[in-house]
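A.B. asks: coords please:
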Amino acid sequence: MADRHLILFDGACGLCRRAAAWAGARDRAGRFTFMPYWEAPAPPMTPELFTACGRAVHVVRSDGRILRGGRAVLFVLEHTGMGGWARVLGYPPMVWGVELGYWIVARNRRWFGWLF
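C.D. replies: From the prediction side, this is the model:
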């Protein structure tokens, strides 16, 4: 698993589970391991990371770097066939819009879950 990226998401949230399943189906290279955050081993899980995972998706990259929220989503998209779009959206000021959009959806995911 040292060469794979770990995706920590809320496995109890329907929207989060569907998003993870969508990304997993597009991970043809097998770069990701998807795991509800409360099942993650320590390390990489820490008490601080556990608390943060309750508010946003996190990617623990194979090099140990941690991405959260919109940037984590862009990282996953970049490696699942949407690299061009993800790279463009990763630059300011677009990434700020991605982060704002993620923040809105994450805080209203039960409502957005009904839409998707």
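A.B. asks: Surely W96 is within a helix?
C.D. replies: Yes - under DSSP: H, G, I helix; E, B strand; the rest coil, W96 falls within a helix.
A.B. asks: G70 versus that one, what's the distance?
C.D. replies: 9 Å (C-beta to C-beta, to the nearest Å). The way it works is simple: take the backbone N, C-alpha and C, and place the C-beta from them, glycine included.
A.B. asks: dump the residue contacts of G90.
C.D. replies: Counting by C-beta atoms under 8 Å, 6 or more residues apart in numbering, G90 makes contact with R71, L74, E78, V98.
A.B. asks: cool, and F50?
C.D. replies: Counting by C-beta under 8 Å, 6+ apart, F50 has contacts Y37, W38.
A.B. asks: In a strand, it, correct?
C.D. replies: No - under three-state DSSP, F50 sits outside any strand and is assigned helix.
A.B. asks: For it, report the pLDDT, please.
C.D. replies: Confidence at F50, expressed as pLDDT, is 97.
A.B. asks: W96 and G70: which has the busier surroundings?
C.D. replies: Counting neighbours by other C-beta atoms under 10 Å for W96 and for G70 shows that G70 has the greater number, 23 against 11.
A.B. asks: what comes into contact with the host helix or strand of that one?
C.D. replies: Assessed by DSSP states H and E, G70 sits inside helix 69-78. Applying C-beta under 8 Å, 6+ apart, the contact partners of helix 69-78 are 5, 7, 23, 32, 56-59, 61, 67, 83, 85-87, 89-90, 95, 98-103, 106.
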